[in-house]
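>>> quick one, fold the following:
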Amino acid sequence: MKYMDTTNNVTEFVLLELTQNPKMQKIVFAVFLLIYIISIVVNVLILITITSSSLLGSSVYFFLAYLSFIDACYASVNNPKLIRDPLHEKKTILFKGCMAQVFGEYFFGGVEVILLTVMAYDCYVAICKPLHYATIMNWRVCALLVGVSWMGGFLYATIQILFIFQLPFCGPNVIDHFMCDLNPLLNLACTDTHTLGLFVAANSGFICLLNFLLLVVSYVVILHSLRTHSLEGKHKAMSTSVSHITVVVLFFVPCKSCYEKIIYQGNCLMNEFA
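Numbering: from 1, shown residues only. This is a model prediction of the structure:
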């Protein structure tokens, strides 16, 4: 049981590496550097290709350009420090830097989740209402949907970090992780964080589950509408959706950890009151 302590003596955190082996640290450095470079180059090339051509006139490419920009920003939240740390003996991060890192993770992650759902709606309109597509998905609607994605991500990240930022950290400052994350930070706070941990996990689980359900519903409607299409129309519709479905699967499968955290935190809370 942790008891409340209002003092905050921690000015920086120490991050544990993936490995303490010097040779393995060099491998970690090379792997993260390669992944980061590929991620940035691919997303920048997509962004340049779309913005410098007539493709930007289509709403699907408009959303794809924003998705590439968000991916590049998302990759730049943690990767630069992950690349830098294996080269330095002192692996620390300032308190405010840690909070900024956590906010960036949830901000860009939230924007990307919502934007993927918006792109599913775009696919639905293109396949199910092709004659009204240009009218429904006009520039004003596209800009509004992108704005909703940014605002949703900001609200999500603000809720996640609002209470964490006010927690007292008065002693241990070693984060059992290779980057700043909410759950390791909760373990270091000088107060009981079971209830807060459950809320944080539930907030992550809720946004993932809500958007995943919206995606599932949109594709169920799309598949149902394809029954009346010709074979050629079905192939064209599926080719339009398959890339988006692939991205959704790759993004949401790791989100199962959100629900594992909810179950774990819930069990801790139930044991606390038992």
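>>> stretch 132-142: end-to-end distance?
End-to-end distance of stretch 132-142 (C-alpha to C-alpha, to the nearest Å): 15 Å.
>>> tell me the mean pLDDT over it?
Across stretch 132-142, the average pLDDT comes to 87.
>>> what does that stretch contact?
The contact list for stretch 132-142 (C-beta atoms under 8 Å, 6 or more residues apart in numbering) reads 59, 62-63, 122, 125-126, 129. The C-beta positions use only the backbone N, C-alpha and C, and glycine is treated the same way.
>>> which pair of the residues you listed spans the longest distance?
Greatest spatial distance among the contacts of stretch 132-142 (C-beta to C-beta): 62 and 129, at 18.0 Å.
>>> re the thing from before, for PyMOL, write the select line for the buried members of the contacts of stretch 132-142.
Listed next is the PyMOL selection for buried residues among the contacts of stretch 132-142, using 16 or more other C-beta atoms under 10 Å:
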select buried, resi 59+62+63+122+125+126
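>>> nearest to residue 170 among the contacts of stretch 132-142?
Nearest to residue 170 among these: residue 63, at 45.6 Å, using C-beta to C-beta.
>>> correct me, but residue 187 touches residue 176?
Yes - counting by C-beta atoms under 8 Å, residue 187 does reach residue 176; the two are 7.2 Å apart.
>>> any shared contact partners between those two?
Common contact partners of residue 187 and residue 176 (C-beta under 8 Å, 6+ apart): none.
>>> re earlier: now the contacts of stretch 132-142 as JSON lines including pLDDT, secondary structure and distance to residue 69?
Shown next, in JSON lines, are these (pLDDT from 0 to 100; DSSP: H, G, I helix; E, B strand; the rest coil; distance: C-beta to C-beta, whole Å):
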{"residue": "59", "pLDDT": "80", "secondary structure": "helix", "distance to residue 69": "16"}
{"residue": "62", "pLDDT": "86", "secondary structure": "helix", "distance to residue 69": "11"}
{"residue": "63", "pLDDT": "87", "secondary structure": "helix", "distance to residue 69": "11"}
{"residue": "122", "pLDDT": "85", "secondary structure": "helix", "distance to residue 69": "17"}
{"residue": "125", "pLDDT": "85", "secondary structure": "helix", "distance to residue 69": "23"}
{"residue": "126", "pLDDT": "81", "secondary structure": "helix", "distance to residue 69": "22"}
{"residue": "129", "pLDDT": "82", "secondary structure": "coil", "distance to residue 69": "28"}
